[in-house]
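[1] the sequence isn't on hand, but the structure is:
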């Protein structure tokens, strides 16, 4: 049974949950896929730990659940050991990179970690949009030149396999239009407003539940959706878009009476990301709040649902919706990508 | 640019349309995927033609559109040349098998053609349920022992990538439940009945449009849905079901007044295929007409839509729906499978 040695960068919402998933499924994964997943190194913002014999997932989960750093890992944890330095020092087969997005800034430390891992000849898996938005072409070229895989199915719509469907299942198609609702928190906030809650209450509730990031504008002004659309365009449409190419409007300009009135008419506002094919083969990209009617494929999305619609020439119109009540599906995309690299169809 | 030589068995609804798709997309496929697809042999129920230099897709399409056999192909067409004999005689890399299902009988000639092609070391692609239902394990073992791929993404829900999503994108998950509406014609007939048409009129209309097969019971009594569920169970759930394991009820027992009344309440009857995980890890499989409410993920399917819902442990609940107004998406699954074998992610 092949041992897959992986380093995990970032032990927050997604990284810790990934550890929980693999811990729970270890025996099942060995039996079904004939793989032995071994966490050999892990880093968070305060430190790192490394052991080629493997870290104990239960210990990692316990530390992070109690608010401690991986630096407190028994015997081998080191305070101040940065992620990039860990990668440089480690021996492994693959890196899972789940550190914060840090856009519209520098996408660090994710970007440097991914560069370093690819240069070491490791496969890289990341649900982190930042590095892909900043350096899509560079990172793909780096992966190609080192003969390794770069997978990031979790960057676009949580656990919904938007990139896999678009890239694999629509092979050979011309995609006339993509419509996506890739951001959860804006839909959640809009639904609260539609139900009469004030902006202040709605934002406070989203923040209290941990679904609204500290930089609220990133979500509310449509930057997150624009980043996801940029990755979709590059990956699925082969259209080399930059995030600046996305015409963008957020939800903060929406009048509450309009939301309530739309809701009464069975319409549902969502921050819709769209790619429309132009006559020249390129795409117009936009993010804007749109009132979706009950007959629209995404017109009845729940507060915890994301969706995407592909309008194609030969595969009809394909809609996929995910109900994602917690971040587990987003964390599980790292397992999807990992097994995809290491197991045969 | 690698040349992929393929033999196409069956030139009906799907086979002919596949030729049309590839004919139209030839230049685009070369450019995007760096492949040269060459049809070297083709067979229908009346004869076959073979030329290692390639058949002209335009000629094949013209013959079939005008109701002729491939046996009339200029210079090389032969009347009475059977598909299996063509495969035995031909040199090729892959077979596309799109002959009639022929269940609940023998699944021939598809089954023998697939066996022969796999034994010759060809990859096999088929949207034909018959051979998979009759000989799932045998055909997979044969493909493994010859080191070739057996792909059949078009067998379950037309152009909807149900098998790809279930097998790849849900890797590592436990699937608690699958709900699928995999049969188009029963939904179409039910909707006509709900709108007040008589059984006779509804069936006549479905037949006239070519969506109801000559053996109407195959669709109406739920055999088609049961066959598709059997393939889903084997492929996605690793559950070695036979079609006889599916508890089955068709739509012919439905009272029209109940359909009309359900419709008035915004409920929509569909022939629902279900797999429910048991405590022992196996699955209970059933096909039955069910009134789906507007809040069910498949509760608002149109007359030309198919859908599937995966209830999972780590990927949330994933729903995919296809709007498939004609058989082109079903035919295009052969292109999906072909490019999937020959192009890198």
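    Ah, there it is. This structure is a prediction, so every number in the text was calculated from the model and none was measured.
[2] who are the packing partners of the lengthiest helix in chain A?
    Longest helix of chain A, by residue count under DSSP state H: helix A:13-33. Other helices and strands packing on helix A:13-33, by 3 or more CB pairs under 8 Å, 6 or more residues apart in numbering or on different chains; DSSP states H and E, are strand A:3-9, strand A:36-44, helix A:57-65, helix A:328-342. (C-beta placed from N, C-alpha, C; glycine too.)
[3] orientation of the last one relative to strand A:36-44 in degrees?
    Meaning helix A:328-342. 130 degrees (axes from the mean of the first three to the mean of the last three CA atoms, to 10 degrees).
[4] helix A:328-342 near chain B anywhere?
    Yes: residues of helix A:328-342 are located near chain B by CB under 8 Å from any CB of the partner chain, namely A:328-329, A:332, A:335-336, A:339-340.
[5] how close does the most centrally placed residue in chain A get to residue A:125?
    Computing the C-alpha centroid of chain A and ranking residues by CA atoms, centre = their mean puts residue A:155 first, at 2.7 Å. Distance of residue A:155 to residue A:125, computed by CB to CB, to the nearest Å: 11 Å.
[6] got the residue ranges for the helices in the stretch 101-250 of chain A?
    A:110-119, A:129-146, A:162-164, A:184-194, A:199-208, A:216-220, A:223-236 (DSSP state H, counting those that start in this stretch).
[7] how far off centre is the fourth one?
    On the basis of CA atoms, centre = their mean, to the nearest Å, helix A:184-194 is displaced by 20 Å from the centre of the chain it belongs to.
[8] and the angle from it to helix A:328-342?
    160 degrees.
[9] run the angle between helix A:184-194 and helix A:199-208 for me.
    Going by the same axes, to 10 degrees, helix A:184-194 makes 140 degrees with helix A:199-208.
[10] what does the first one give?
    Orientation of helix A:110-119 against helix A:199-208 (the same axes, to 10 degrees) gives an angle of 30 degrees.
[11] flag every residue of the stretch 101-250 of chain A that's near chain B.
    A:149, A:153, A:158-161, A:164-165, A:167-174, A:238.
[12] same list, the helices and strands packed on helix A:13-33, but as TSV with mean pLDDT and mean neighbour count please.
    Formatted as TSV, the helices and strands packed on helix A:13-33 follow (pLDDT from 0 to 100; neighbours: other CB atoms under 10 Å in any protein chain shown):
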stretch	mean pLDDT	mean neighbour count
strand A:3-9	97	22
strand A:36-44	97	23
helix A:57-65	97	17
helix A:328-342	97	24
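[13] can you list those in TSV and add distance to residue B:73?
    Shown next, in TSV, are those (distance: least, CB to CB, whole Å):
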stretch	distance to residue B:73
strand A:3-9	51
strand A:36-44	54
helix A:57-65	62
helix A:328-342	42
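[14] residues contacting the residue nearest to the centre of chain A?
    When contacts are counted by CB atoms under 8 Å, 6 or more residues apart in numbering or on different chains, residue A:155 touches A:126-129, A:132, A:163, A:228, A:231.
[15] which of the residues you listed lies closest to residue B:245?
    Checking the contacts of residue A:155 against residue B:245 by CB to CB gives residue A:163 as the nearest, at 35.2 Å.
[16] would you mind measuring from the closest one to residue B:256?
    45 Å.
[17] ditto for residue A:73
    Applying CB to CB, the value for residue A:73 to residue B:256 is 68 Å.
[18] so those two - more neighbours on which side?
    Set residue A:73 next to residue B:256 and count neighbours by other CB atoms under 10 Å in any protein chain shown: residue A:73 wins out with 22 against 15.
[19] surely residue A:302 touches residue A:324?
    No: the criterion here is CB atoms under 8 Å, and residue A:302 misses it with residue A:324 at 9.9 Å.
[20] any idea of the mean pLDDT in stretch A:108-115?
    In this model, stretch A:108-115 carries a mean pLDDT of 95.
[21] checking my notes, residue A:306 in a strand, right?
    Yes: assessed by DSSP: H, G, I helix; E, B strand; the rest coil, residue A:306 belongs to a strand.
[22] could you check how far the closest residue to chain B within the stretch 1-150 of chain A is from residue A:339?
    Here the stretch 1-150 of chain A gets closest to chain B at one residue, residue A:21, 5.8 Å apart by CB to the nearest CB. Taking CB to CB as the measure, residue A:21 and residue A:339 are separated by 12 Å.
[23] now swap in residue A:126 and tell me
    16 Å.
[24] same question, residue A:33
    6 Å.
[25] hey, what's in contact with both of those two?
    B:171-172.
[26] now distance to residue A:195 too, for the contacts of residue A:155, in TSV please.
    As requested, these are arranged in TSV below (distance: CB to CB, whole Å):
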residue	distance to residue A:195
A:126	36
A:127	30
A:128	33
A:129	30
A:132	35
A:163	33
A:228	26
A:231	32
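[27] thought residue A:245 was touching residue A:286, still the case?
    No: applying CB under 8 Å, one finds residue A:286 not in contact with residue A:245, separated by 9.8 Å.
[28] which segments of chain A make up each domain?
    Domain assignment for chain A, taken from automatic domain parsing, gives A:3-159+A:328-342, A:162-323.
[29] so which of these is nearest residue B:91?
    Comparing the domains of chain A by CB to CB, domain A:162-323 comes nearest, at 24.8 Å.
[30] just to revisit the earlier point, emit the ChimeraX select command for whichever of the residues of the stretch 101-250 of chain A next to chain B are buried.
    The buried residues among these can be selected in ChimeraX (16 or more other CB atoms under 10 Å in any protein chain shown) with this line:
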select /A:149,153,158,159,160,161,164,165,167,168,169,170,171,172,173,174
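[31] which members of the residues of the stretch 101-250 of chain A next to chain B are positioned in strands?
    Helix and strand membership here follows DSSP state E; of these, not one is in strands.
[32] coming back round to it: give me the more crowded residue out of residue A:302 and residue A:324.
    Neighbours per residue, other CB under 10 Å: of residue A:302 and residue A:324, the larger number sits with residue A:324, 22 against 15.
[33] quick check: closest non-adjacent residue to that one.
    Leaving aside its sequence neighbours, residue A:324 sits nearest to residue B:316 (CB to CB, 6 or more residues apart in numbering or on different chains; 4.4 Å).
[34] that neighbour contacts residue A:321, doesn't it?
    No: the criterion here is CB under 8 Å, and residue B:316 misses it with residue A:321 at 9.8 Å.
[35] correct me, but the residue of the stretch 1-150 of chain A closest to chain B touches residue A:328?
    Yes: here residue A:21 lies in contact with residue A:328, judged by CB under 8 Å, at a distance of 7.0 Å.
[36] identify the contacts common to the two.
    By CB under 8 Å, 6+ apart, the residues touching both residue A:21 and residue A:328 are residue B:314.
[37] the closest residue to residue A:115 other than its chain neighbours: how many residues sit nearby?
    Take residue A:115 and drop its neighbours on the chain: the residue closest to it by CB to CB, 6+ apart is residue A:142, 6.6 Å away. Residues near residue A:142, counting by other CB under 10 Å, number 18.
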